[in-house]
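Asks: Could you look at this predicted model? Sequence included:
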Amino acid sequence: MLLKIEKRLMSETQVLEKLQKLESAVARLQERIEDLEDLRDLEEAIAENGDKPLIPWEEAKKDLDLE
């Protein structure tokens with residue numbers, strides 16, 4: 001049995017709504033990608049510096065002129 005498929009045009013409002021949803025989805029995916037890249041960079045830094053002593057936060061703030 002063949003299914004009957006009807007093609008119908010979307011209104012301009014429907015097209016705009018669809019585009020807004022797609023834009024939102026792309027923005028969320030871009031944020032997720034950035035988060036994953038940050039995590040990758042963090043894991044890489046930990047692997048490279050894991051055996052080095054930590055710098056106390058107070059010292060790091062002073063060195064970076066954050067106080």
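Replies: It's in. Numbers count the residues shown, from 1 in each chain.

Asks: Quick check: pLDDT value at residue 53.
Replies: pLDDT for residue 53: 91.

Asks: and what of residue 5?
Replies: Value listed for residue 5 in the pLDDT field: 65.

Asks: The one 3 residues further on too?
Replies: Model confidence at residue 8, expressed as pLDDT, equals 77.

Asks: Next: residue 1.
Replies: 53.

Asks: for residue 37, same thing?
Replies: pLDDT, residue 37: 98.

Asks: ok, now the one 10 residues further on?
Replies: The confidence metric pLDDT takes the value 94 at residue 47.

Asks: Which helix or strand contains it?
Replies: Using DSSP states H and E, residue 47 sits in helix 12-49.

Asks: And that helix, what's buried?
Replies: Residues of helix 12-49 include none that count as buried (16 or more other Cβ atoms under 10 Å). All C-beta spots, glycine's among them, are computed from the backbone N, C-alpha and C.

Asks: Quick check: next helix or strand after that helix?
Replies: helix 57-63.

Asks: count of residues packed around residue 63?
Replies: As a burial measure, residue 63 scores 9 neighbours (other Cβ atoms under 10 Å).

Asks: Equivalent analysis for residue 7, please.
Replies: Neighbourhood size, residue 7 [other Cβ under 10 Å]: 4.

Asks: how near is it to residue 16?
Replies: Remark: distance between residue 7 and residue 16 (Cβ to Cβ, to the nearest Å) = 20 Å.

Asks: measure the residue nearest to the spatial centre of the chain to residue 22 for me?
Replies: Among the residues of the chain, residue 31 comes closest to the average C-alpha position under Cα atoms, centre = their mean, at 1.8 Å. Using Cβ to Cβ, one obtains 15 Å as the distance from residue 31 to residue 22.

Asks: same check, this time on residue 59
Replies: In terms of Cβ to Cβ, residue 59 sits 48 Å off from residue 22.

Asks: for residue 30, same thing?
Replies: Taken as Cβ to Cβ, the span from residue 30 to residue 22 is 13 Å.

Asks: go on, residue 12?
Replies: 16 Å.

Asks: Show me the contact partners of stretch 46-60.
Replies: 63, 66 (Cβ atoms under 8 Å, 6 or more residues apart in numbering).
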